[in-house]
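Student: Show me how the following folds:
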Amino acid sequence: MKQLVGMLGAAAVLVSAAAAETTYLTAGAFFDPVSGSISEDAAVIVKDGIVVSVGRQADMPAPEGAILVDLPGKTIMPGLIDMHVHLVGDDSVRGYKGLAVSTPLAAIHGAAHARDTLMAGFTTVRNVGADAYADIALRDAINDGVVPGPRLFVSGPPVGIIGGHCSDNNLLPAEAESYGENVATGPWEMRAQVRKNIKYGVDLIKTCSTGGVFSKGTSLGAAQGTVEELTAIVEEAHMRGLKVASHAHGAIGIKNAIRAGVDTIEHASYLDDEAIRLAKRNGVYLAMDIYNTEYTLAQGTANGVLQESLDKERAVGGVQRESFSKAVKAGVKVVLGTDAAIFPHGDNAKQLSRMVQFGMTPLQTLRAATSLAAEALGQGDKLGRIEPGYAADIIAVDGDPLADVAILENVDFVMKDGVVYKAP
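Tutor: Just a heads-up that it's a prediction; the model follows:
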(Lines give C-alpha, C1' and ligand atoms only; values in the text may rest on other atoms or scores of the structure.)
Protein backbone atom coordinates (compact mmCIF):
# COMPACT_ATOMS: atom_id res chain seq x y z
CA MET A 1 0.00 0.00 0.00
CA LYS A 2 2.85 2.41 0.83
CA GLN A 3 4.40 1.72 -2.57
CA LEU A 4 1.07 2.37 -4.30
CA VAL A 5 0.59 5.65 -2.43
CA GLY A 6 4.12 6.69 -3.46
CA MET A 7 3.42 5.90 -7.10
CA LEU A 8 0.17 7.84 -7.02
CA GLY A 9 1.93 10.74 -5.36
CA ALA A 10 4.58 10.85 -8.07
CA ALA A 11 1.87 10.73 -10.72
CA ALA A 12 0.06 13.61 -9.03
CA VAL A 13 3.24 15.71 -9.07
CA LEU A 14 3.65 14.96 -12.78
CA VAL A 15 0.09 15.97 -13.65
CA SER A 16 0.20 19.07 -11.44
CA ALA A 17 3.51 20.30 -12.81
CA ALA A 18 2.38 19.69 -16.37
CA ALA A 19 -0.80 21.67 -15.85
CA ALA A 20 0.68 24.51 -13.80
CA GLU A 21 2.22 27.65 -15.21
CA THR A 22 4.59 28.20 -12.30
CA THR A 23 6.54 25.75 -10.14
CA TYR A 24 8.57 26.60 -7.05
CA LEU A 25 11.26 23.95 -6.51
CA THR A 26 13.36 23.79 -3.36
CA ALA A 27 16.24 21.48 -2.48
CA GLY A 28 19.01 20.99 0.02
CA ALA A 29 21.71 22.09 -2.42
CA PHE A 30 22.34 23.25 -6.00
CA PHE A 31 25.34 22.21 -8.10
CA ASP A 32 26.31 24.55 -10.94
CA PRO A 33 28.60 22.79 -13.45
CA VAL A 34 29.84 26.05 -14.98
CA SER A 35 31.13 27.65 -11.78
CA GLY A 36 31.75 24.30 -10.11
CA SER A 37 30.09 25.58 -6.96
CA ILE A 38 27.55 23.98 -4.64
CA SER A 39 25.16 26.28 -2.76
CA GLU A 40 22.79 25.28 0.04
CA ASP A 41 19.04 25.80 0.51
CA ALA A 42 18.42 26.13 -3.22
CA ALA A 43 15.27 27.52 -4.80
CA VAL A 44 14.26 27.61 -8.47
CA ILE A 45 11.21 29.24 -10.01
CA VAL A 46 10.01 27.70 -13.27
CA LYS A 47 7.34 29.19 -15.52
CA ASP A 48 6.02 27.54 -18.68
CA GLY A 49 8.95 25.13 -18.75
CA ILE A 50 11.65 27.83 -18.48
CA VAL A 51 13.78 28.75 -15.48
CA VAL A 52 12.97 32.34 -14.45
CA SER A 53 14.88 32.65 -11.18
CA VAL A 54 17.52 30.78 -9.15
CA GLY A 55 18.63 31.57 -5.61
CA ARG A 56 18.37 30.71 -1.94
CA GLN A 57 15.08 29.88 -0.32
CA ALA A 58 15.41 32.68 2.22
CA ASP A 59 15.89 35.28 -0.50
CA MET A 60 13.33 33.99 -2.99
CA PRO A 61 9.89 33.10 -1.60
CA ALA A 62 7.39 31.03 -3.53
CA PRO A 63 5.20 32.96 -5.99
CA GLU A 64 1.54 33.02 -5.12
CA GLY A 65 -0.30 30.03 -6.55
CA ALA A 66 2.86 28.18 -7.56
CA ILE A 67 3.06 24.40 -7.41
CA LEU A 68 5.51 23.47 -4.66
CA VAL A 69 8.11 20.76 -5.24
CA ASP A 70 10.32 20.21 -2.20
CA LEU A 71 13.42 18.01 -2.27
CA PRO A 72 14.89 18.20 1.23
CA GLY A 73 18.38 16.78 1.51
CA LYS A 74 18.73 16.43 -2.26
CA THR A 75 21.25 18.10 -4.57
CA ILE A 76 19.78 19.48 -7.79
CA MET A 77 21.75 19.99 -11.00
CA PRO A 78 21.07 20.30 -14.74
CA GLY A 79 19.66 17.29 -16.56
CA LEU A 80 22.33 15.09 -18.14
CA ILE A 81 23.14 15.09 -21.87
CA ASP A 82 24.38 12.04 -23.81
CA MET A 83 25.86 12.93 -27.19
CA HIS A 84 25.84 9.41 -28.67
CA VAL A 85 22.92 7.00 -28.33
CA HIS A 86 20.84 4.72 -30.55
CA LEU A 87 17.42 4.63 -28.91
CA VAL A 88 15.87 2.34 -31.53
CA GLY A 89 18.71 -0.16 -31.05
CA ASP A 90 18.79 -2.92 -28.45
CA ASP A 91 21.82 -4.38 -26.71
CA SER A 92 20.25 -7.87 -26.66
CA VAL A 93 19.80 -8.02 -30.45
CA ARG A 94 23.23 -7.98 -32.08
CA GLY A 95 24.77 -9.57 -35.16
CA TYR A 96 22.44 -11.71 -37.27
CA LYS A 97 19.67 -11.39 -34.67
CA GLY A 98 19.14 -7.86 -35.89
CA LEU A 99 18.00 -9.01 -39.33
CA ALA A 100 14.73 -10.19 -37.79
CA VAL A 101 13.86 -6.79 -36.29
CA SER A 102 11.46 -4.66 -38.34
CA THR A 103 11.53 -0.88 -38.29
CA PRO A 104 8.10 -0.66 -36.58
CA LEU A 105 9.27 -3.05 -33.84
CA ALA A 106 12.50 -1.10 -33.39
CA ALA A 107 10.53 2.13 -33.06
CA ILE A 108 8.26 0.64 -30.41
CA HIS A 109 11.28 -0.55 -28.46
CA GLY A 110 12.73 2.93 -28.96
CA ALA A 111 9.79 4.42 -27.07
CA ALA A 112 10.55 2.17 -24.10
CA HIS A 113 14.25 2.98 -24.31
CA ALA A 114 13.47 6.70 -24.40
CA ARG A 115 11.50 6.42 -21.17
CA ASP A 116 14.31 4.44 -19.49
CA THR A 117 16.83 7.07 -20.57
CA LEU A 118 14.75 9.96 -19.25
CA MET A 119 14.12 8.23 -15.93
CA ALA A 120 17.89 7.80 -15.57
CA GLY A 121 18.26 11.58 -15.58
CA PHE A 122 19.14 12.17 -19.23
CA THR A 123 16.90 14.99 -20.36
CA THR A 124 18.65 15.48 -23.72
CA VAL A 125 20.33 12.97 -26.03
CA ARG A 126 21.73 12.99 -29.53
CA ASN A 127 20.60 9.96 -31.56
CA VAL A 128 23.30 9.31 -34.15
CA GLY A 129 21.97 6.78 -36.62
CA ALA A 130 18.65 5.04 -37.13
CA ASP A 131 17.10 3.21 -40.08
CA ALA A 132 14.04 4.48 -41.93
CA TYR A 133 13.93 7.76 -39.97
CA ALA A 134 12.57 5.92 -36.93
CA ASP A 135 14.41 8.37 -34.68
CA ILE A 136 12.55 11.28 -36.28
CA ALA A 137 9.23 9.57 -35.53
CA LEU A 138 10.34 8.99 -31.95
CA ARG A 139 11.49 12.60 -31.53
CA ASP A 140 8.18 13.91 -32.83
CA ALA A 141 6.16 11.55 -30.63
CA ILE A 142 8.06 12.77 -27.57
CA ASN A 143 7.62 16.40 -28.59
CA ASP A 144 3.87 15.83 -29.08
CA GLY A 145 3.55 14.29 -25.62
CA VAL A 146 2.59 10.86 -26.95
CA VAL A 147 5.43 9.07 -25.13
CA PRO A 148 7.85 10.26 -22.42
CA GLY A 149 11.48 10.66 -23.33
CA PRO A 150 14.44 13.01 -23.44
CA ARG A 151 14.76 15.92 -25.82
CA LEU A 152 16.11 14.36 -29.02
CA PHE A 153 18.50 15.64 -31.65
CA VAL A 154 18.42 13.04 -34.42
CA SER A 155 20.46 12.20 -37.52
CA GLY A 156 18.27 9.68 -39.35
CA PRO A 157 20.15 7.14 -41.50
CA PRO A 158 23.90 7.90 -41.70
CA VAL A 159 25.53 8.90 -44.98
CA GLY A 160 28.48 6.75 -46.08
CA ILE A 161 30.20 4.48 -48.55
CA ILE A 162 29.19 1.12 -50.01
CA GLY A 163 30.17 -1.62 -47.57
CA GLY A 164 30.97 0.91 -44.89
CA HIS A 165 30.20 0.88 -41.21
CA CYS A 166 27.50 3.54 -41.12
CA SER A 167 25.23 3.16 -44.07
CA ASP A 168 25.31 -0.36 -45.38
CA ASN A 169 24.20 -3.82 -44.29
CA ASN A 170 27.14 -6.17 -44.65
CA LEU A 171 25.49 -9.22 -43.10
CA LEU A 172 23.56 -10.27 -46.21
CA PRO A 173 25.12 -12.25 -49.11
CA ALA A 174 25.71 -10.78 -52.55
CA GLU A 175 22.59 -12.35 -54.10
CA ALA A 176 20.42 -10.28 -51.77
CA GLU A 177 21.65 -7.16 -53.58
CA SER A 178 20.94 -5.17 -50.45
CA TYR A 179 22.38 -1.73 -49.81
CA GLY A 180 21.83 0.75 -47.03
CA GLU A 181 19.48 3.71 -47.27
CA ASN A 182 22.11 6.43 -47.60
CA VAL A 183 24.95 4.64 -49.38
CA ALA A 184 26.69 6.97 -51.81
CA THR A 185 29.77 7.18 -54.03
CA GLY A 186 31.42 10.48 -54.83
CA PRO A 187 30.88 14.00 -53.51
CA TRP A 188 27.66 14.74 -55.41
CA GLU A 189 25.96 11.54 -54.31
CA MET A 190 26.98 12.33 -50.74
CA ARG A 191 25.43 15.77 -51.07
CA ALA A 192 22.22 14.24 -52.41
CA GLN A 193 21.91 11.94 -49.39
CA VAL A 194 22.47 14.85 -47.01
CA ARG A 195 19.74 16.78 -48.81
CA LYS A 196 17.38 13.82 -48.52
CA ASN A 197 17.98 13.57 -44.79
CA ILE A 198 17.33 17.28 -44.37
CA LYS A 199 14.13 16.93 -46.41
CA TYR A 200 12.81 14.40 -43.91
CA GLY A 201 13.62 16.52 -40.88
CA VAL A 202 16.94 15.51 -39.29
CA ASP A 203 18.67 17.76 -36.76
CA LEU A 204 22.22 16.77 -37.72
CA ILE A 205 24.13 14.58 -40.18
CA LYS A 206 26.00 11.41 -39.23
CA THR A 207 28.71 9.89 -41.39
CA CYS A 208 31.58 7.43 -40.98
CA SER A 209 35.24 7.95 -41.82
CA THR A 210 36.48 4.53 -40.61
CA GLY A 211 35.20 1.03 -40.05
CA GLY A 212 33.55 -0.03 -36.80
CA VAL A 213 33.42 -2.71 -34.15
CA PHE A 214 29.91 -3.95 -34.92
CA SER A 215 29.97 -3.92 -38.74
CA LYS A 216 30.93 -7.11 -40.52
CA GLY A 217 34.06 -6.93 -42.64
CA THR A 218 35.23 -3.43 -41.74
CA SER A 219 38.56 -2.48 -40.21
CA LEU A 220 38.79 0.03 -37.38
CA GLY A 221 41.94 1.58 -38.76
CA ALA A 222 40.91 1.77 -42.41
CA ALA A 223 39.64 5.11 -43.66
CA GLN A 224 36.18 5.26 -45.23
CA GLY A 225 35.25 7.99 -47.67
CA THR A 226 37.70 10.39 -49.25
CA VAL A 227 38.37 13.84 -47.85
CA GLU A 228 36.50 15.21 -50.87
CA GLU A 229 33.44 13.09 -50.05
CA LEU A 230 33.53 14.02 -46.37
CA THR A 231 33.98 17.69 -47.24
CA ALA A 232 30.93 17.56 -49.51
CA ILE A 233 28.86 16.13 -46.64
CA VAL A 234 30.05 18.84 -44.25
CA GLU A 235 29.59 21.71 -46.70
CA GLU A 236 26.06 20.62 -47.57
CA ALA A 237 25.10 20.24 -43.91
CA HIS A 238 26.72 23.45 -42.70
CA MET A 239 25.15 25.64 -45.35
CA ARG A 240 21.78 24.38 -44.12
CA GLY A 241 22.68 25.07 -40.50
CA LEU A 242 23.26 21.45 -39.39
CA LYS A 243 26.24 20.00 -37.55
CA VAL A 244 28.07 16.84 -38.65
CA ALA A 245 29.17 13.90 -36.49
CA SER A 246 31.67 11.40 -37.87
CA HIS A 247 32.18 7.89 -36.52
CA ALA A 248 35.95 7.42 -36.57
CA HIS A 249 38.19 4.93 -34.77
CA GLY A 250 41.44 5.04 -36.75
CA ALA A 251 43.81 8.02 -36.80
CA ILE A 252 43.71 8.55 -40.58
CA GLY A 253 39.92 8.63 -40.65
CA ILE A 254 39.81 10.92 -37.61
CA LYS A 255 42.14 13.41 -39.29
CA ASN A 256 40.30 13.17 -42.62
CA ALA A 257 37.05 14.04 -40.87
CA ILE A 258 38.56 16.95 -38.95
CA ARG A 259 40.14 18.36 -42.11
CA ALA A 260 36.76 18.05 -43.81
CA GLY A 261 35.27 20.25 -41.10
CA VAL A 262 33.12 17.92 -38.98
CA ASP A 263 31.90 19.16 -35.62
CA THR A 264 32.27 16.01 -33.51
CA ILE A 265 34.28 12.81 -33.71
CA GLU A 266 32.56 9.71 -32.33
CA HIS A 267 34.71 7.05 -30.59
CA ALA A 268 38.11 8.62 -31.50
CA SER A 269 39.90 5.43 -30.46
CA TYR A 270 43.30 5.60 -32.14
CA LEU A 271 44.31 9.21 -31.50
CA ASP A 272 47.84 10.16 -32.47
CA ASP A 273 49.50 13.46 -31.57
CA GLU A 274 48.58 15.08 -34.87
CA ALA A 275 44.91 14.12 -34.48
CA ILE A 276 44.87 15.62 -30.99
CA ARG A 277 46.45 18.84 -32.26
CA LEU A 278 43.95 19.06 -35.10
CA ALA A 279 40.98 18.47 -32.82
CA LYS A 280 42.16 21.10 -30.35
CA ARG A 281 43.02 23.67 -33.02
CA ASN A 282 39.70 23.24 -34.83
CA GLY A 283 37.53 23.14 -31.73
CA VAL A 284 36.25 19.65 -32.55
CA TYR A 285 34.47 17.78 -29.77
CA LEU A 286 35.24 14.13 -29.03
CA ALA A 287 32.53 11.73 -27.84
CA MET A 288 34.40 8.68 -26.56
CA ASP A 289 32.41 5.66 -25.36
CA ILE A 290 34.81 4.28 -22.80
CA TYR A 291 32.35 2.26 -20.70
CA ASN A 292 30.65 -0.11 -23.12
CA THR A 293 33.69 -2.29 -23.78
CA GLU A 294 33.08 -3.88 -20.37
CA TYR A 295 29.50 -4.78 -21.20
CA THR A 296 30.30 -6.04 -24.70
CA LEU A 297 33.03 -8.40 -23.54
CA ALA A 298 30.87 -9.69 -20.68
CA GLN A 299 27.52 -10.08 -22.48
CA GLY A 300 28.32 -9.89 -26.18
CA THR A 301 28.30 -13.61 -26.96
CA ALA A 302 24.89 -14.10 -25.33
CA ASN A 303 23.52 -11.11 -27.25
CA GLY A 304 24.62 -12.44 -30.63
CA VAL A 305 27.69 -10.26 -31.18
CA LEU A 306 29.84 -11.70 -33.97
CA GLN A 307 33.20 -13.19 -33.01
CA GLU A 308 34.82 -10.73 -35.38
CA SER A 309 33.27 -7.85 -33.42
CA LEU A 310 34.34 -9.30 -30.08
CA ASP A 311 37.90 -9.55 -31.36
CA LYS A 312 37.82 -5.92 -32.52
CA GLU A 313 36.43 -4.80 -29.16
CA ARG A 314 39.21 -6.60 -27.30
CA ALA A 315 41.76 -4.87 -29.53
CA VAL A 316 40.33 -1.35 -29.27
CA GLY A 317 38.99 -1.01 -25.70
CA GLY A 318 42.25 -0.37 -23.91
CA VAL A 319 43.67 1.79 -26.68
CA GLN A 320 40.56 3.99 -26.68
CA ARG A 321 40.89 4.58 -22.94
CA GLU A 322 44.53 5.57 -23.40
CA SER A 323 43.46 7.96 -26.14
CA PHE A 324 40.81 9.40 -23.84
CA SER A 325 43.45 10.13 -21.20
CA LYS A 326 45.73 11.77 -23.78
CA ALA A 327 42.94 13.94 -25.18
CA VAL A 328 41.85 15.11 -21.74
CA LYS A 329 45.41 15.92 -20.71
CA ALA A 330 45.90 17.89 -23.93
CA GLY A 331 42.80 19.98 -23.29
CA VAL A 332 40.65 18.71 -26.14
CA LYS A 333 36.91 19.20 -25.69
CA VAL A 334 35.61 15.77 -24.64
CA VAL A 335 31.87 15.30 -24.05
CA LEU A 336 29.82 12.42 -22.71
CA GLY A 337 28.91 9.98 -25.48
CA THR A 338 28.08 6.44 -24.42
CA ASP A 339 26.84 4.54 -27.51
CA ALA A 340 23.82 3.34 -25.52
CA ALA A 341 22.21 0.37 -27.32
CA ILE A 342 25.55 -1.41 -27.15
CA PHE A 343 24.67 -1.68 -23.44
CA PRO A 344 21.19 -1.33 -21.87
CA HIS A 345 19.49 2.05 -22.19
CA GLY A 346 19.25 3.79 -18.84
CA ASP A 347 22.75 2.71 -17.78
CA ASN A 348 24.32 5.74 -19.51
CA ALA A 349 25.60 7.28 -16.27
CA LYS A 350 27.88 4.29 -15.66
CA GLN A 351 30.38 5.92 -18.00
CA LEU A 352 30.86 8.92 -15.72
CA SER A 353 32.99 7.04 -13.18
CA ARG A 354 35.18 5.71 -16.01
CA MET A 355 35.76 9.24 -17.27
CA VAL A 356 37.12 10.12 -13.83
CA GLN A 357 39.10 6.88 -13.67
CA PHE A 358 40.81 7.62 -16.98
CA GLY A 359 41.82 11.21 -16.45
CA MET A 360 39.00 13.70 -15.94
CA THR A 361 38.33 15.52 -12.72
CA PRO A 362 34.80 15.09 -11.37
CA LEU A 363 34.02 18.68 -12.41
CA GLN A 364 35.27 18.09 -15.95
CA THR A 365 33.14 14.96 -16.14
CA LEU A 366 30.00 16.73 -14.95
CA ARG A 367 30.58 19.56 -17.42
CA ALA A 368 31.10 17.02 -20.19
CA ALA A 369 27.61 15.68 -19.42
CA THR A 370 25.91 19.08 -19.10
CA SER A 371 27.17 22.51 -20.17
CA LEU A 372 29.94 21.35 -22.54
CA ALA A 373 27.65 18.84 -24.24
CA ALA A 374 25.05 21.59 -24.68
CA GLU A 375 27.73 23.76 -26.27
CA ALA A 376 28.62 20.93 -28.68
CA LEU A 377 24.95 20.69 -29.68
CA GLY A 378 24.87 24.40 -30.42
CA GLN A 379 22.42 24.77 -27.52
CA GLY A 380 24.69 26.34 -24.95
CA ASP A 381 22.30 29.26 -24.44
CA LYS A 382 19.31 26.99 -23.78
CA LEU A 383 20.47 23.73 -22.20
CA GLY A 384 23.03 22.36 -19.74
CA ARG A 385 22.57 24.92 -16.95
CA ILE A 386 19.97 25.94 -14.39
CA GLU A 387 19.87 29.63 -15.18
CA PRO A 388 17.16 32.16 -16.10
CA GLY A 389 16.11 31.66 -19.70
CA TYR A 390 17.24 28.02 -19.84
CA ALA A 391 14.97 25.01 -20.24
CA ALA A 392 13.85 23.71 -16.86
CA ASP A 393 15.73 20.40 -17.09
CA ILE A 394 16.59 19.52 -13.49
CA ILE A 395 17.59 16.30 -11.76
CA ALA A 396 18.29 15.52 -8.11
CA VAL A 397 20.52 13.05 -6.30
CA ASP A 398 21.49 12.17 -2.76
CA GLY A 399 24.91 13.53 -1.90
CA ASP A 400 27.59 15.60 -3.58
CA PRO A 401 28.22 14.72 -7.27
CA LEU A 402 31.65 16.36 -7.07
CA ALA A 403 32.63 13.94 -4.34
CA ASP A 404 31.37 10.90 -6.25
CA VAL A 405 30.04 11.09 -9.81
CA ALA A 406 28.75 7.51 -9.48
CA ILE A 407 25.79 8.79 -7.44
CA LEU A 408 24.36 9.90 -10.79
CA GLU A 409 23.72 6.24 -11.53
CA ASN A 410 20.80 6.59 -9.09
CA VAL A 411 18.87 9.73 -10.01
CA ASP A 412 15.58 9.94 -8.11
CA PHE A 413 14.08 13.19 -9.42
CA VAL A 414 13.73 14.20 -13.08
CA MET A 415 12.17 17.37 -14.48
CA LYS A 416 12.23 18.14 -18.21
CA ASP A 417 10.81 21.38 -19.58
CA GLY A 418 9.27 22.07 -16.19
CA VAL A 419 7.37 18.77 -16.04
CA VAL A 420 8.22 16.31 -13.27
CA TYR A 421 8.59 12.79 -14.65
CA LYS A 422 10.16 11.14 -11.64
CA ALA A 423 9.92 12.04 -7.95
CA PRO A 424 11.25 10.45 -4.75
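
Student: is it true that Gly253 touches Thr218?
Tutor: No - judged on C-beta atoms under 8 Å, Gly253 makes no contact with Thr218 at a distance of 10.9 Å. Where C-beta positions appear, they are placed from N, C-alpha and C, glycine not excepted.

Student: which residues are common contacts for those two?
Tutor: Jointly contacting Gly253 and Thr218 under the rule C-beta atoms under 8 Å, 6 or more residues apart in numbering are 210, 224.

Student: and the two? which has more neighbours close in?
Tutor: Taking neighbours as other C-beta atoms under 10 Å, Gly253 and Thr218 compare with Gly253 leading, 29 against 23.

Student: ok, now which ones touch that one?
Tutor: By C-beta under 8 Å, 6+ apart, the contact set of Gly253 is 209-210, 221-224, 246.

Student: and it, that's in a helix?
Tutor: Yes - when DSSP: H, G, I helix; E, B strand; the rest coil is applied, Gly253 is found to be in a helix.

Student: Can you pull the poorly scored residue ranges out of this protein?
Tutor: Residue ranges of the chain with pLDDT under 70: 1-20.

Student: quick one, longest helix in it?
Tutor: helix 307-330 (DSSP state H).

Student: That one: how far from the chain's middle?
Tutor: From the chain centre to the centre of helix 307-330 is a distance of 19 Å (C-alpha atoms, centre = their mean, to the nearest Å).

Student: can you map out the helices along the stretch 251-400 of the chain?
Tutor: Counting by DSSP state H, counting those that start in this stretch, the stretch 251-400 of the chain has helices at residues 251-260, 273-282, 292-303, 307-330, 350-357, 362-368, 371-377.

Student: Run the angle between the third one and helix 307-330 for me.
Tutor: Helix 292-303 runs at 170 degrees relative to helix 307-330, counting by axes from the mean of the first three to the mean of the last three C-alpha atoms, to 10 degrees.

Student: which strands and helices sit next to helix 292-303?
Tutor: Applying 3 or more C-beta pairs under 8 Å, 6 or more residues apart in numbering; DSSP states H and E, we find helix 292-303 packed against helix 307-330.

Student: now swap in the last one and tell me
Tutor: Taking 3+ C-beta pairs under 8 Å, 6+ apart as contact, the helices and strands that helix 371-377 lies on are strand 80-85, strand 122-127, strand 285-287, strand 334-335.

Student: want to throw these into TSV with mean neighbour count and distance to Asp41?
Tutor: Below are the helices and strands packed on helix 371-377 laid out as TSV (neighbours: other C-beta atoms under 10 Å; distance: least, C-beta to C-beta, whole Å):
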stretch	mean neighbour count	distance to Asp41
strand 80-85	28	24
strand 122-127	30	24
strand 285-287	26	35
strand 334-335	26	31
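
Student: Present those strands as CSV; the columns should include distance to Phe153.
Tutor: Listed next are these as CSV, based on distance: least, C-beta to C-beta, whole Å:
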stretch, distance to Phe153
strand 80-85, 9
strand 122-127, 5
strand 285-287, 13
strand 334-335, 13
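
Student: that older thread, tell me which of the helices of the stretch 251-400 of the chain lies nearest to Ala100.
Tutor: Ranking these by proximity to Ala100 (C-beta to C-beta) places helix 292-303 first, at 13.7 Å.

Student: in the closest one, what's buried?
Tutor: The neighbour-count check on helix 292-303 (16 or more other C-beta atoms under 10 Å) flags 292-293, 295-296, 299-300, 303 as buried.

Student: Also stretch 253-271?
Tutor: Buried, per 16+ other C-beta under 10 Å, within stretch 253-271: 253-258, 260-271.

Student: what domains does the record give for this protein?
Tutor: As given by automatic domain parsing, the domain ranges for the chain are 2-79+385-422, 80-348.

Student: nearest to Gln379, of those domains?
Tutor: Closest to Gln379 of the domains of the chain, according to C-beta to C-beta: domain 80-348, at 7.8 Å.

Student: what's around Ile162, how many residues?
Tutor: By other C-beta under 10 Å, the residues close to Ile162 number 13.

Student: ah, wrong one, I meant Gly55
Tutor: That count, for Gly55 with other C-beta under 10 Å as the rule, works out to 14.

Student: Quickly list what it is bridged to.
Tutor: Ala43 (DSSP bridges).

Student: Could you report the separation of it from Gly221?
Tutor: Noted for Gly55: a distance of 53 Å to Gly221, by C-beta to C-beta, to the nearest Å.

Student: Wait, a helix at Ile38?
Tutor: No - according to three-state DSSP, Ile38 belongs to no helix; its state is strand.

Student: That one bridge partners, please.
Tutor: Going by DSSP bridges, Ile38 forms beta bridges with Phe31.

Student: got the residue ranges for the strands in the stretch 151-300 of the chain?
Tutor: Assigned by DSSP state E, counting those that start in this stretch, the stretch 151-300 of the chain shows strands spanning 151-154, 204-208, 243-248, 264-267, 285-287.

Student: Around Phe324, count how many other residues there are.
Tutor: Residues lying near Phe324 (other C-beta under 10 Å) number 25.

Student: In contact with it, which residues?
Tutor: Counting by C-beta under 8 Å, 6+ apart, Phe324 touches 268, 288, 290, 334, 355, 358-359.

Student: will you turn those into TSV that also has distance to Val125?
Tutor: What follows is the contacts of Phe324, written out as TSV (distance: C-beta to C-beta, whole Å):
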residue	distance to Val125
Ala268	19
Met288	16
Ile290	17
Val334	17
Met355	17
Phe358	22
Gly359	24
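
Student: ok, so of those residues, who is nearest Ser39?
Tutor: Nearest to Ser39, judged by C-beta to C-beta, of the contacts of Phe324 is Met355 at 24.5 Å.

Student: That closest one touches Leu336, doesn't it?
Tutor: Yes - if you go by C-beta under 8 Å, Met355 and Leu336 touch, sitting 7.3 Å apart.

Student: When those two are compared, which one has more neighbours?
Tutor: Leu336 (28 against 24).

Student: now that one, nearest residue through space, not along the chain?
Tutor: Closest residue to Leu336 apart from its sequence neighbours, by C-beta to C-beta, 6 or more residues apart in numbering: Ala369 at 4.1 Å.

Student: surely the one you found meets Leu352?
Tutor: Yes - contact status for Ala369 versus Leu352: in contact at 6.5 Å, counting by C-beta under 8 Å.

Student: Which residues are in contact with each of these two?
Tutor: 336, 408.

Student: Between those two, point out the one with more neighbours.
Tutor: Neighbour totals were compared for Ala369 and Leu352, and Ala369 leads with 33 against 26 (other C-beta under 10 Å).

Student: Tell me which residues touch the more buried one, please.
Tutor: Applying C-beta under 8 Å, 6+ apart to Ala369 gives the contacts 80-82, 335-336, 352, 408.
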